[in-house]
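Novice: fold the following and give me the result.
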Amino acid sequence: MTTTEIAIAVGLTVTVIGCTLGLRERAVIFRNYDDLGLVFLAVVPLFIGFISLIPWILIPAMVASIALVTWLTWRTWQDNGSVWKVLVVLPTKLMLSVLFIAFVWDLLSPSGKTQLARAKTRGIAVAILAVITPLIYRLVKHKTGVLVPRDVLRNTRGLTHGS
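Specialist: Below you'll find the predicted structure:
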């Protein structure tokens, strides 16, 4: 096994342990939808930075991600109060957000040289998102916040498009 394969295996194992703790309500994975949004926001600058590979974009993206992950670490500590839980919950949060964003990306812009290959990539993305999305929903402890899906979709929080 290569170092990369070992890192992926450890990351997935920690994620499974974190999801199990969250589903059994022994640890808080996502405090509310705002916390979930912050986790996604912490990962997005890295995707943008690594896609561009331009130093003047990559460096601020890394600084923004590091600042957001530091803030998420503090919030995770407040929610769980244990170093061991933070060491499991924080990678779980980040891994779920990376997987979610990566498979949404594959759904919207599938890789592959042929139409069949792109369709296969898109099908795999839909299947994985069909598992990850309800899992993330279940891991949100308090279904409150500015980013509550039904409120954002219904536009009931005063977020308007025009007058």
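
Novice: I figured Gly112 hits Lys120, correct?
Specialist: Yes - here Gly112 reaches Lys120: they are 7.0 Å apart, a contact under CB atoms under 8 Å. For glycine as for every other residue, the C-beta is placed from the backbone atoms N, C-alpha and C.

Novice: point to the residue nearest the middle of the chain.
Specialist: Closest to where the C-alpha atoms of the chain average out (CA atoms, centre = their mean) is Ser97, at 1.2 Å.

Novice: check the offset of the helix or strand encompassing it from the chain's centre.
Specialist: Ser97 belongs to helix 83-108 when assigned by DSSP states H and E. The chain centroid and the centroid of helix 83-108 are separated by 4 Å under CA atoms, centre = their mean, to the nearest Å.

Novice: stretch 123-143 now?
Specialist: Put simply, stretch 123-143 sits 10 Å off its chain's centre (CA atoms, centre = their mean).

Novice: can you point out the buried residues in it?
Specialist: Judged by neighbour count (16 or more other CB atoms under 10 Å), stretch 123-143 contains these buried residues: 125, 128-129, 132, 136, 139-141.

Novice: quick one: the helices in the chain, in order.
Specialist: Along the chain, counting by DSSP state H, helices occupy 3-23, 33-52, 55-80, 83-108, 115-139, 149-154.

Novice: what is the fourth one packed up against?
Specialist: I take that to be helix 83-108. helix 3-23, helix 33-52, helix 55-80, helix 115-139 (3 or more CB pairs under 8 Å, 6 or more residues apart in numbering; DSSP states H and E).

Novice: worst average pLDDT in those helices?
Specialist: Lowest mean pLDDT within the helices and strands packed on helix 83-108: helix 33-52, at a mean of 84.

Novice: residues in contact with the closest residue to Gly18 other than its chain neighbours?
Specialist: Using CB to CB, 6 or more residues apart in numbering and skipping residues adjacent in sequence, the residue nearest Gly18 is Thr92, 2.8 Å away. By CB atoms under 8 Å, 6 or more residues apart in numbering, Thr92 lies in contact with 14-15, 17-19, 22, 29.
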